[in-house]
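[1] Here's my sequence, what's the structure:
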Amino acid sequence: MSLKTSGPGPRAASRFTGRLARLSWVDAVVAAAVLVLFYVVLQVGHGTTVRFSTDQSIKVDTDPAALPYDAARSLLRMFVALAASVVFTFGYALAAAKSRRLERVLIPALDILQSVPVLGFLTVAVSGFIALFPGSLLGLECASIFAIFTSQAWNMTFGFYHSLTSLPRELDELSRSFRFTRWMRFWRVELPSGMIGLVWNGMMSFGGGWFFLVASEAISVDNKDYALPGVGSYAGAAIADGDLGKVGWAILTMAVMVVGVNFLFWRPLTAWAEKFKNEQSRAGEIQRSVVLDFLRRSHWPQLLGTALRPVGRALGRAGRLLGTDDRPLIVDRARRRAGDITFTVVAGGLILWGLFDLGRYLHHETGLGVFGEPLLLGLATLARVVVLVTAATVVWVPIGVWIGFSPRLTRIAQPVVQVLASFPANFLFPLAVWFFLKTGLSIDVGGILLMALGAQWYILFNTIAGAMSIPADLREAMDDLGVRGLRRWKRLILPAVFPAYVTGGITASGGAWNASIVAEVVTFGGTTLTATGLGAYIAKATAAGDFPHLLAGVAVMSLYVVGLNRLLWRRLYRLADTRFAL
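    Model prediction:
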């Protein structure tokens, strides 16, 4: 009798050994780069766990020699927040897209969440995370990462939710016909279908994180100042000191970081995502990336894929517990109505209880008249948001289509747009103060320009993603039929990019409200310019630790954003789903 051993046999081991023997200098470079990356992450991450007391003040080192370390700390926070945003996007968007009842709560909640200012999240997060990690700087780090997460997650979630709800009919029928498990449907159908939009929205959201870097690393809550090593806190300290030279070093470091991340991470990712285009003919020109081409010459991806294949199979088998994609297309209306009533009563009761408790707190602290001032100030900020979104639509939709249709132009424009989109408004405060004082331009008008730095790019990036998603065969068909000019825009371009534009518009609108907090109060050295608006009201309440007025301002801002979304953007979403989905 012979005993058989389980696991890979001699042939598999010899094949694996043979592949290792074929490793080239490219594989050595890739391995060295990965090892260096892990070493840097470990070294930088070690500084996040040092001892910390809320009674001590952390002094920001504004020596330019500290900028490389500060840049590494900022990058680590940004990528940890991005990873958390991706996980949140998958879970939240899937729950909203798969459950009609949850959708009624989750999507309005997402409207509210994206309208809550980063400073509003920080007020709660700082105290909570410090209590969770007492005596450790990790509490402040988590609060900073959470603040960056809140500036990244909503745009990605809206974009992926829309791709799930507008899945092409043939892909849905394919999944149902083959009775894919829900696990397989997500990884084989839904995620590939929304990959291009997810990558471009992720890139835009990453830029949003840069925009609020100063606010998330130099935290002022309840008359206490907390600062973490990073480019944002460095720039904030240099601006407060009125040191233009050090502000210049911060701007240079930020530009190098943005261009480097674009070259090493986002450019390869956008080029890789090209393979998920839903088209029947190959495009004449495709996105390219030097880094991606280099990685494809390496054997490590294939070796890792072979080593992780058993894990993938195990996850696939475990995914069968989620059921198969054979939901009935016809449902019992009586059961649905009963379920809807029950869900509405429970969810509505919880929401009313929360609103009642909030109203009771504000009535006890300041009286309900506290809402009067922010309601009036919100009208001024609303006017700025409307002007900004309208101007951004007229300017950036044609440019976004032009860029998206040309892979060669995309390679040139992507890093430029990424730098512009990632540029924090705070870095321009010295120039803004000088310009406003020199020209006599009121910050009530000039604040729109600063708000645009954090909002207009959502429209541009989503338009680029929508234009890139148009199948090449449709464009070729239009060429063959001689459809050009305005007719081409009316028949193909505008209908095709409209769903992506709506996603960009709704996030640009929310981003403009959020950006008003840093754009309506401009400080450099001893000079402070304050605009009339809700953003300035919230910034003032946050700095003073005035929680009743802060809650009133955040609640009013949420009311404005949700109302605008309900009246305008949600109707456009339904129009995009019913008439303009490819």
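[2] Go ahead and confirm I464 touches G400.
    Yes. Counting by Cβ atoms under 8 Å, I464 does reach G400; the two are 4.6 Å apart. Backbone N, C-alpha and C define where each C-beta goes, glycine included.
[3] Tell me which of the two has more neighbours.
    Each of I464 and G400 has its neighbours counted (other Cβ atoms under 10 Å); I464 has more, 30 against 27.
[4] for that one, what are its contacts?
    By Cβ atoms under 8 Å, 6 or more residues apart in numbering, the contact set of I464 is 200, 400, 403-404, 410.
[5] L164 now?
    93-94, 97-98, 190, 194.
[6] any idea which of those has the most stuff around it?
    Ranking these using other Cβ under 10 Å puts A93 first, with 26 neighbours.
[7] tell me which element that residue is part of?
    helix 67-98 (DSSP states H and E).
[8] Tell me where the stretch 451-582 of the chain has strands.
    Secondary structure of the stretch 451-582 of the chain (DSSP state E, counting those that start in this stretch): strands at 521-524, 527-530.
[9] Quick check: next helix or strand after the helix holding A93?
    Helix 67-98 is succeeded, C-terminally, by helix 100-115 (DSSP H and E).
[10] quick one: that next one to helix 67-98, angle?
    150 degrees (axes from the mean of the first three to the mean of the last three Cα atoms, to 10 degrees).
[11] Pull the residues that contact helix 100-115.
    By Cβ under 8 Å, 6+ apart, helix 100-115 touches 92, 95-97, 150, 154-155, 157-158, 161, 339-340, 343-344, 347, 507, 510-511, 513-514, 557-558, 560-562, 565-566.
[12] so how far is L191 from L174?
    Taking Cβ to Cβ, to the nearest Å as the measure, L174 falls 15 Å from L191.
[13] can you check L167 too?
    When L167 is compared with L191 (using Cβ to Cβ), they lie 11 Å apart.
[14] one step back: now that we have the strands of the stretch 451-582 of the chain, can you turn them into CSV and tack on distance to W300, mean neighbour count and mean pLDDT?
    Below are these laid out as CSV (distance: least, Cβ to Cβ, whole Å; neighbours: other Cβ atoms under 10 Å; pLDDT from 0 to 100):
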stretch, distance to W300, mean neighbour count, mean pLDDT
strand 521-524, 48, 21, 76
strand 527-530, 53, 16, 80
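[15] how about these in TSV, adding distance to S127?
    Listed next are these as TSV, based on distance: least, Cβ to Cβ, whole Å:
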stretch	distance to S127
strand 521-524	23
strand 527-530	27
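[16] Figure out which of the ones you listed is closest to L572.
    strand 521-524 (31.9 Å; Cβ to Cβ).
[17] What pairs with that closest one, parallel or antiparallel?
    The strands beside strand 521-524 in its sheet (DSSP bridges) come out as strand 527-530 (antiparallel).
[18] who's in contact with M478?
    Contacts for M478 (Cβ under 8 Å, 6+ apart) come out as 484, 488, 491-492.
[19] Columns distance to W353 and pLDDT on top of those residues, output as CSV?
    Shown next, in CSV, are those (distance: Cβ to Cβ, whole Å; pLDDT from 0 to 100):
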residue, distance to W353, pLDDT
R484, 59, 77
R488, 54, 82
R491, 51, 77
L492, 50, 81
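[20] Okay, now the unreliable bits of the stretch 101-250 of the chain?
    By pLDDT under 70, the low-scoring segments of the stretch 101-250 of the chain are 115, 117-121, 123-124, 219-224.
[21] And for the stretch 251-400 of the chain?
    Checking the stretch 251-400 of the chain against pLDDT under 70 turns up 278-286, 316, 319-333, 335-336, 339-340, 343, 347.
[22] ranges for the helices of it?
    Assigned helices in the stretch 251-400 of the chain, in chain order: 267-272, 290-296, 300-318, 333-365, 372-404 (criterion: DSSP state H, counting those that start in this stretch).
[23] I'd like these as CSV, with distance to A83 appended.
    Shown next, in CSV, are the helices of the stretch 251-400 of the chain (distance: least, Cβ to Cβ, whole Å):
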stretch, distance to A83
helix 267-272, 14
helix 290-296, 20
helix 300-318, 18
helix 333-365, 30
helix 372-404, 27
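[24] most tightly surrounded among those?
    Sort those by mean neighbour count, taking mean count of other Cβ atoms under 10 Å, and helix 267-272 sits at the top with a mean of 21.
[25] ranges for the strands of the stretch 101-250 of the chain?
    Under DSSP E, counting those that start in this stretch, the stretch 101-250 of the chain gives strands at 218-221, 224-227.
[26] Which strands or helices does the last one pack on?
    Contact analysis of strand 224-227 by 3 or more Cβ pairs under 8 Å, 6 or more residues apart in numbering; DSSP states H and E lists strand 218-221, helix 231-241 as its packing neighbours.
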